[in-house]
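Trainee: What follows is a predicted protein model with its sequence.
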Amino acid sequence: MRDDYQQLVDEITAVLRAPATLENRDFALIAFGAQDSEDGEDTEEPALDPVRTRSILQRRSTAAVRAWFEAFGIARAQAPLRIPPDPAAGVFMGRICLPVRHRGVVHGYVWLLDDGHLSDLELGGPTGTPDPRLARAMETAARIGALLAAEARAGEELGELLRDVLTAPPAGRDAARTQLRTALRGAADGPLALVAVVPWTPGTGEDADHPGLPHLPGIVAACALPGDATAGAGLAALVRLRAATALDPARTTAEQLLRSPRATAGGTAAAVARGESPAKAAAGVSAPRRGLEELPAAWQEALAAARAAHADPRLGPVAEWSAIGPYRLLAALPALQPDAAVRPLLEPAHAELARTAETFLDCAGQAGRTAQRLGIHRQTLYYRLSRVRQLTGLDLDAGEDRLLLHMTLKAARLGPPRR
């Protein structure tokens, strides 16, 4: 399929004699072309501006670039658009945007760099006739749109099966697993890992017909899962691994997903209650699996790791299940009210005392390490710890009291379970 996209982009590049880049609806790079000379050798391209360079190297444009281009109505465009440069966003060269549509839905964009040699190209419009070369390019863009639409439909079908495998009752789960195994063929045998991204924004408004499921190398199926009153929607992505002991492909996929505009900012209610800034989207990676039978358990691992990455910046923005320590246990517990002794410490007014107590326990009760990590004097630390004792009635020299305090603080940081 990727070879098909590359061939079509090369056709547009050849017709218009301008470097073309194909990105999907979420500005993830699919293919790019370089202009060829008549003898078949590459000619010198116009100087690349940072946007094209970043798109090719990182396979995605930035949010600022996306906002600049979308301000021109590219998501609603029916015909080519000319977009001026914007040095403030790193767009040093103008563009012509060919919307890639299929049956009224935009699935991506073909970008043509314009260093001035396309300034006389007639785009057409309500009263004009487009340049014949541009008309040919739009016909090719329509073929690309049909391919992207077919890929999206196939991805949605796989995503529905994956959603049923993860969330349906046992009878429906077994049937979905059988269908998913048939659809994935050899990939179903693994090794595989699940990636959870929370929060993830599904299509709304103009995007309602475009669910926004990612199409990245290595993802064999993906689905958006609804949240509840305390947790936003999330994304589940099933990723193929090269080996059962190597999670690098899953981590790379998670990092790419977090750069998507659908990985929206959010934060746990507990973080807000502590007076902390809301956390950005985070991702979790499950332990590797062979086959599809243990995917529901893998999904719980990925969700727990994502919650831990939200809760503890030292773990995020991508956390692996094997690396989240006590959160592996805490994430499996049902939502409980904080212990009565510790509850006063969780009031917003005592956020600094709670952070001090948690850091002190993280440092195994070593005052020197704690003061250094917090950037305070030891006497300040001792004063704060005495205030913690007064508020909670707990003895920080007693192992059971320290365990109760530590786990309650970690559970509050983690927040309520995500479904």
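Mentor: Alright, I've got the coordinates.
Trainee: Next, please give the residue ranges for the strands of the chain.
Mentor: In the chain, the strands defined using DSSP state E lie at 20-24, 29-32, 81-83, 94-102, 105-114, 192-198, 219-225, 234-240, 282-285, 318-320.
Trainee: how close does the closest residue to Glu293 other than its chain neighbours sit to Leu381?
Mentor: Spatial nearest neighbour of Glu293, chain neighbours left out: Arg177 (7.2 Å); criterion: CB to CB, 6 or more residues apart in numbering. In this view, the C-beta of every residue, glycine as well, is placed from N, C-alpha and C. Using CB to CB, to the nearest Å, we find Arg177 at a distance of 53 Å from Leu381.
Trainee: Repeat that for Gln78.
Mentor: 65 Å.
Trainee: Please name the residues that touch the residue nearest to Glu11 when sequence neighbours are not counted.
Mentor: Among residues not flanking Glu11 along the chain, Thr140 sits closest, at 5.1 Å (CB to CB, 6+ apart). Contact analysis of Thr140 by CB atoms under 8 Å, 6 or more residues apart in numbering lists 8, 11-12, 15.
Trainee: Report the separation between Thr140 and Pro132.
Mentor: 13 Å.
Trainee: same question, Ala20
Mentor: 17 Å.
Trainee: Tell me which of those two has more neighbours.
Mentor: Ala20 (27 against 10; other CB atoms under 10 Å).
Trainee: What segments of the stretch 1-150 of the chain are helices?
Mentor: 2-16, 50-58, 63-70, 132-167 (DSSP state H, counting those that start in this stretch).
Trainee: Could you dump those helices into JSON lines with distance to Gln366 added?
Mentor: Output for these, formatted as JSON lines (distance: least, CB to CB, whole Å):
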{"stretch": "helix 2-16", "distance to Gln366": "54"}
{"stretch": "helix 50-58", "distance to Gln366": "41"}
{"stretch": "helix 63-70", "distance to Gln366": "42"}
{"stretch": "helix 132-167", "distance to Gln366": "42"}
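Trainee: Worst mean pLDDT among those helices?
Mentor: When the helices of the stretch 1-150 of the chain are ranked by mean pLDDT, helix 50-58 comes last with a mean of 54.
Trainee: Dig out what Thr21 forms beta bridges with.
Mentor: Phe32, Trp111 (DSSP bridges).
Trainee: Phe32 is in contact with that one, correct?
Mentor: Yes. With contact defined as CB atoms under 8 Å, Thr21 counts as touching Phe32 (4.4 Å).
Trainee: on that earlier part again, among Gln78 and Leu381, which residue is more densely surrounded?
Mentor: Leu381 (19 against 10).
Trainee: quick one, what contacts that one?
Mentor: So Leu381 contacts 356, 360, 367, 370-371, 374 (CB under 8 Å, 6+ apart).
Trainee: With pLDDT, neighbour count and distance to Pro87 as added columns, please give those residues in TSV.
Mentor: Converted to TSV, those look like this (pLDDT from 0 to 100; neighbours: other CB atoms under 10 Å; distance: CB to CB, whole Å):
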residue	pLDDT	neighbour count	distance to Pro87
Thr356	96	23	46
Phe360	95	25	50
Ala367	95	13	52
Thr370	96	23	48
Ala371	96	20	47
Leu374	95	17	43
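Trainee: The residues you listed in helices, which ones?
Mentor: 356, 360, 367, 370-371, 374 (DSSP state H).
Trainee: Can you list the low-confidence ranges for this protein?
Mentor: 1-2, 34-63, 89, 125-128, 202-215, 227-232, 264-279, 417-419 (pLDDT under 70).
Trainee: can I see the domain layout of it?
Mentor: Domain assignment for the chain by automatic domain parsing gives 2-149, 168-330, 343-414.
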